[in-house]
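[1] Take a look and give me a structure for this.
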Amino acid sequence: MSEFLDIALSFPPVVFSFGLVVVVLYWLIVIVGALDVDIVDVGGDAELDAGGGFWSAFGFGAVPFTVVLSLWITLGWIVTVLGTSWVRSANMFVPPALTGTAVLVAGIGVGMLGAKLLTRPLGRLFEDAPATAHADLVGKVCVVRTGTVTLDAGQAEITDDEGSVLLINVRRSPHEPDGIDEELFARHSKVVVFDYDEVEKVFLVVPVALPPDVVLEA
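    Modelled structure (predicted):
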């Protein structure tokens, strides 16, 4: 185990090791529903706008940026760890800086190539998946999956007309009247989508049990 950690924290695997930790933590947080990830975005917002042209040039345009980057880092880490292990066992009389740089270049290149090959079938899945318009979710009941819903954070699980379960970003309305019990926005509570904020790209929700005399404004 100590030998493995020594390799993983040496150059060049260390370049990918810290990135791999971030990737694992990111997807764990996504799974538990504590991170703001807009899965229902329809207009290609899942891709990083700043890198959209770069990724598309390499054939990654049909797959979300986070998926491509996760695959690239993971494959690059595997290649550099295996490459470093082989170089050490070969006892070659080559400067460590030279072999390390060669392994790093191989990790970057093979990682990108592997990510491209793996994202081809994923690209078809994203392309063929039925799109759900934001307006289609207005009026639907969803279940809060985060600890609570506030003006700045919150996620909820909702089922669209196709029967697909989506995790959407939800917020309370800034025009919400006083007197609404905070417990009505707690985890597992049922809320209803009453509007979509085009600027913030989030759904505005209100408790299902809201008194009939209370009127909300978007």
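
[2] When you work out contacts or count neighbours from here on, use the C-alpha atoms and nothing else.
    Noted.

[3] For this protein, identify the residue most remote from the centre.
    What lies farthest from the middle of the chain is residue 93; by CA atoms, centre = their mean that is 43.5 Å.

[4] Does that one belong to a helix, a strand or coil?
    Recorded secondary structure, residue 93: coil (DSSP: H, G, I helix; E, B strand; the rest coil).

[5] Would you list the phi and psi of it?
    Here is the backbone geometry of residue 93 (degrees, to the nearest 10): phi -90, psi 70.

[6] what are the ranges of the strands in this protein?
    Ranges of strands within the chain are 141-144, 155-159, 165-172, 190-197, 202-207, based on DSSP state E.

[7] gap between the third one and the chain center?
    Mean C-alpha position of strand 165-172 versus that of the full chain (CA atoms, centre = their mean, to the nearest Å) differs by 14 Å.

[8] ok and that strand relative to strand 202-207, angle-wise?
    Put simply, strand 165-172 runs at 80 degrees to strand 202-207, going by axes from the mean of the first three to the mean of the last three CA atoms, to 10 degrees.

[9] Strand 165-172 pairs with which strands, parallel or anti?
    strand 155-159 (antiparallel), strand 202-207 (parallel) (DSSP bridges).

[10] The protein - how does it break down into domains?
    2-128, 134-207 (automatic domain parsing).

[11] can you redo those domains as CSV with mean pLDDT?
    CSV is the format used below for those (pLDDT from 0 to 100):
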stretch, mean pLDDT
domain 2-128, 76
domain 134-207, 89
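
[12] ranges for the helices of this structure?
    2-8, 13-32, 52-57, 65-90, 96-128, 134-137 (DSSP state H).

[13] mind listing what's buried in the last one?
    Neighbour-count burial for helix 134-137 flags 134, 137 (criterion: 16 or more other CA atoms under 10 Å).

[14] How far does it sit from its chain's centre?
    The answer for helix 134-137 is 21 Å, by CA atoms, centre = their mean.

[15] which other helices and strands contact that helix?
    strand 190-197 (3 or more CA pairs under 8 Å, 6 or more residues apart in numbering; DSSP states H and E).

[16] how far out from the middle of the chain is the strand it packs on?
    That offset, for strand 190-197, works out to 22 Å (CA atoms, centre = their mean).

[17] quick one, what contacts residue 85?
    residue 7 (CA atoms under 8 Å, 6 or more residues apart in numbering).

[18] Can you get me a residue count around residue 199?
    Neighbour count for residue 199, taken as other CA atoms under 10 Å: 6.

[19] who's in contact with it?
    With CA under 8 Å, 6+ apart, residue 199 has no contacts at all.
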